[in-house]
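Q: my questions concern the predicted model and sequence given below.
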Amino acid sequence: MRYLVLGLTATLLCCTAAFADSFDFAGGHVVTHRGGFQSLPMGTDNLDRKNKMTCLSDKGCSLVIQTQVNDAGEDDVVCTEVDGVAAAPPCTITGGGWATATFQGAPALAKGVHTIQTHITVNEVAGSNIAGFQLVYTMYEHQ
């Protein structure tokens, strides 16, 4: 019974429509995106919309980026860009495993509005299917 419940839960999580949420906390802001199964053609596809996050501190901010793409193709590439530049460390090749996770950042953002977006580049001619994804952008204000 436990395996049936776990299987149904995993299916629901993987097959749900895209979801976005954001919230503030003392000294920062979080934006989360989740999505389910997607069939992607060869080329570059955005996993989320362009996100605007505002650094309010005169001392600047640090941005922590966590991504997970489930069941992507072997040579697909996941990239998160901050203000049009790849975050550090740069893009990650998925390797065809069940879950490709990244932990990236932009440690020295100036006060002001910044744009963050994650995309996947599919390199297989036949395209690629992903089982789902989750993106978490957390901005911390320097004190």
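A: Looks like it arrived, so ask away. Numbering: from 1, shown residues only.

Q: contacts, neighbours, all on C-alpha from now
A: Fine.

Q: poorly predicted segments of this structure, please.
A: For the chain, residues meeting the criterion pLDDT under 70 lie at 1-19, 23-24.

Q: how about a cut-off of 90?
A: For the chain, the stretches flagged by pLDDT under 90 are 1-29, 31-33, 71-75, 90, 92-103, 105-107, 128.

Q: helices along that one, start to end?
A: In the chain, the segments counted as helices under DSSP state H are 2-14.

Q: now the strands for it?
A: For the chain, the strands defined by DSSP state E cover 19-25, 28-35, 38-40, 43-46, 51-55, 61-70, 77-82, 85-86, 92-93, 99-109, 112-122, 128-130, 132-141.

Q: so can I have JSON lines of these showing mean neighbour count?
A: Below are the strands of the chain laid out as JSON lines (neighbours: other Cα atoms under 10 Å):
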{"stretch": "strand 19-25", "mean neighbour count": "11"}
{"stretch": "strand 28-35", "mean neighbour count": "19"}
{"stretch": "strand 38-40", "mean neighbour count": "15"}
{"stretch": "strand 43-46", "mean neighbour count": "14"}
{"stretch": "strand 51-55", "mean neighbour count": "18"}
{"stretch": "strand 61-70", "mean neighbour count": "21"}
{"stretch": "strand 77-82", "mean neighbour count": "23"}
{"stretch": "strand 85-86", "mean neighbour count": "16"}
{"stretch": "strand 92-93", "mean neighbour count": "16"}
{"stretch": "strand 99-109", "mean neighbour count": "18"}
{"stretch": "strand 112-122", "mean neighbour count": "19"}
{"stretch": "strand 128-130", "mean neighbour count": "18"}
{"stretch": "strand 132-141", "mean neighbour count": "22"}
